[in-house]
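Q: Using only what follows, build the 3D model:
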Amino acid sequence: MANGVFHTGYGIEINLTEPDLGHRDRPELLAQITAPIDQRERELLECLQHHYEGRCEAEEHDAERSPWMTIRRRTVRGRTTWVAAHLPIRRTPTAEESDKHKAMKERIARAADRHGCTWELEARTADGKVRTDVLVTGPGGLRIGWEAQYSPITAETVRRRSRNAAAHGIVPLWVTSSDRAALIDRAPWARVDDLSWRQIASPLAMVVRAGIRHLQQWKCTASSVRTCPVNGSWCGKMHTGWYLPALCLPEKAPTQVDELVGASATGEFVPMRVPMQTDGSTVSRMWVPAADRDRWRATFAEDSEPGTDEQAPADAAITYTREELDPVCRYGEETFTFNDPRPRRGNADAASLHTFDTVPDRLLAIPRQLRRLALTPEERHRAAAALGCDLADLGPCAGCGEPINRYGPYGIHACAPCRLRVLTHRP
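A: Prediction:
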């Protein structure tokens, strides 16, 4: 990504790594170039390489990108900087895209009706700030804002609209047929096959190909049915990750779009925002079964709620690295955050793999057994008499550690209260 842009209004180069942008005499420059696109000229900022050569990498490699630029904050490993990103070409949806969009909205509405949910097409909030393609309301009042996206859209637009929806109590759900769409991992999403509008409108099954995952947890041993995702063999550690239905062991049935309409509105499927174990600033977003979400929370003893993105806070301090101005267009070179040359993650990353050296104690049905009973000889005799067992049969409850008949002919692993507690919390 180039570290500068050309200002077409002033006819100057702007270096985004300098505190004064390379122009001390223009204190108003930063406010001008960081203004929202709808508040300034769209062609105010131009790719430097395009300005000098009449072409740039963005136009060469992506027919949907223009040479015009926007300035945003970007945070990598805790450091926030200004970055320039290519704006998409402004165009109206084609007739085919419009037909697909309409067919998908109607399909979502029909599915909502079949699942006993209420729905509204082109719904708007009372203040008019949020418009949703299809607003589906479940029996319990949970509102899902479906967005059928068949035309190009910017990541910033996805973020903004998702934040606005969440602020009004609406859970956004973006559906697309493109694996390179900017909405992927920027908000709760689902990807389907690229079908014609007639197929979308028909009763034909429509499978969610990506965006829905299931939790898989296993102890990585030589006898495990799944090979180690880290070294391809086995490592003796515990792995936890989110996998597509076809990659689960045993394999799970794929979810249909019509099913997701009802399951999301009833809370059977919920959105998750899962940070990477190696880089907390990188997240994966997905729809998951609520039971899997609960297991994940129990594993990490924390919530991973569906926020709206990994974008830097508006008040984050900017770091200026004072680099030499680079006029070369760096589109596609480590610019995944804004330019989206998809796919952008490896299999392990996409699964949001987390590895533990040992199984966390909180995941065990009964806590690890105590080594011995901390009793005096007199206490041991009294306990054995009360339990009606020999001294040699006396042992600690695997749950609370209290003395029980552990090793006798009628010995048990845990006391009755501890066993009841486990059975009560068993899924």
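Q: Helix or strand: which one has the residue of the chain positioned farthest from its centre?
A: Within the chain, E378 marks the point farthest from the mean C-alpha position, 58.4 Å out by CA atoms, centre = their mean. In this assignment (DSSP states H and E), E378 forms part of helix 377-387.
Q: Contacts made by the host helix or strand of H50 with the rest, please.
A: Per DSSP H and E: H50 is located in helix 48-53. With CB atoms under 8 Å, 6 or more residues apart in numbering as the test, helix 48-53 has contacts from 2, 4-6, 13, 55-59, 67, 325-329. Every C-beta, even on glycine, is put in place using the N, C-alpha and C of the backbone.
Q: Looking at those, which has the smallest pLDDT value?
A: In this model, the minimum pLDDT among the contacts of helix 48-53 belongs to A2 (68).
Q: one step back: mean confidence score for the helix holding H50?
A: In the prediction, helix 48-53 has an average pLDDT of 91.
Q: Tell me the confidence at R91?
A: 66.
Q: Quick check: the gap between the residue farthest from the centre of the chain and G140.
A: 58 Å (CB to CB, to the nearest Å).
Q: how far does stretch 247-267 stretch from start to finish?
A: 24 Å (CA to CA, to the nearest Å).
Q: hang on, I meant stretch 30-43
A: End-to-end distance (CA to CA), stretch 30-43: 16 Å.
Q: coming back round to it: for the helix holding H50, list every residue counted as buried.
A: Neighbour-count burial for helix 48-53, with 16 or more other CB atoms under 10 Å as criterion, is recorded at L48, Q49, H50, H51.
Q: chain center to it, what's the gap?
A: Centroid separation for helix 48-53 versus its chain: 36 Å, with CA atoms, centre = their mean, to the nearest Å.
Q: same check, this time on stretch 393-400
A: 43 Å.
Q: Now that stretch: average pLDDT?
A: Mean predicted confidence for stretch 393-400 is 86.
Q: What lies in contact with it?
A: So stretch 393-400 is contacted by 366-370, 372-373, 380, 383-384, 387, 402-408, 411, 413-415, 417-419, 421-422 (CB under 8 Å, 6+ apart).
Q: list the buried ones in stretch 230-238?
A: For stretch 230-238, by 16+ other CB under 10 Å, it's W234, C235, M238.
Q: T227 is in contact with the first one, correct?
A: Yes - shown here, W234 and T227 form a contact pair, counting by CB atoms under 8 Å, at 7.3 Å.
Q: helix, strand or coil for L420?
A: helix (DSSP: H, G, I helix; E, B strand; the rest coil).
Q: now do A58
A: helix.
Q: and it, how many neighbours?
A: Other residues near A58 come to 27 when the count uses other CB atoms under 10 Å.
Q: Enumerate every residue touching it.
A: C47, H50, R65, S66, P67, H86, C329, Y331, N339.
Q: same question, R421
A: Taking CB under 8 Å, 6+ apart as the test, what R421 contacts is G399.
Q: before we move on, what about L373?
A: R380, L394, G395, P396, G401, P403.
Q: Could you list which of the residues you listed belong to helices?
A: Assigned to helices by DSSP state H, the following of those qualify: R380.
Q: Buried subset of the contacts of L373 as a ChimeraX selection?
A: Under the burial definition 16+ other CB under 10 Å, those of the contacts of L373 that qualify are selected in ChimeraX by:
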select :394,395,396,401,403
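Q: hmm, which two among the contacts of L373 are most spread apart?
A: R380 and G401 (14.2 Å; CB to CB).
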